[in-house]
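**Student:** take this sequence and fold it.
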Amino acid sequence: MNKEFEDYILAEREFLHDISNYLVVISGMTSFVQSKLEENQSIDPKYIEKLGKAVKACEKLSHAVIERRSKIKAIQ
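**Tutor:** Numbers count the residues shown, from 1 in each chain. Model (predicted):
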């Protein structure tokens, strides 16, 4: 592997690592808020459902990043 390609792979891994960290924070906080809203009976359930969709989307994105990181690591 040439140096330029190795540098690109390293930068890609770092980028994906940073994204992964942000996704963990987003996932944790949205799950926390969702659980708190579910305890509050005055909140319209449709809002809780919409937040649940956001939580699931974040989890799917997180898994996609993990898969991509694995592929990048395999190249190295």
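
**Student:** the helices in the chain, which residues?
**Tutor:** 3-39, 45-75 (DSSP state H).

**Student:** dump the ones you listed to CSV, plus mean neighbour count and mean pLDDT.
**Tutor:** Bear in mind the C-beta positions are built from the backbone N, C-alpha and C, glycine included. As requested, those are exported to CSV (neighbours: other C-beta atoms under 10 Å; pLDDT from 0 to 100):
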stretch, mean neighbour count, mean pLDDT
helix 3-39, 13, 93
helix 45-75, 13, 93
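
**Student:** how far away is residue 15 from residue 49?
**Tutor:** The spacing between residue 15 and residue 49, counted by C-beta to C-beta, to the nearest Å, is 33 Å.

**Student:** ditto for residue 55
**Tutor:** Using C-beta to C-beta, residue 55 is found at 11 Å from residue 49.

**Student:** again with residue 33
**Tutor:** Taken as C-beta to C-beta, the span from residue 33 to residue 49 is 13 Å.

**Student:** one more: residue 14?
**Tutor:** Distance of residue 14 to residue 49, computed by C-beta to C-beta: 36 Å.

**Student:** same deal with residue 31?
**Tutor:** The value you get for residue 31 to residue 49, if C-beta to C-beta is used, is 14 Å.

**Student:** ok, now residue 35?
**Tutor:** Residue 35 is 14 Å from residue 49, by C-beta to C-beta.

**Student:** who touches residue 23 in this structure?
**Tutor:** Taking C-beta atoms under 8 Å, 6 or more residues apart in numbering, we find residue 23 in contact with 58, 61, 62, 65.
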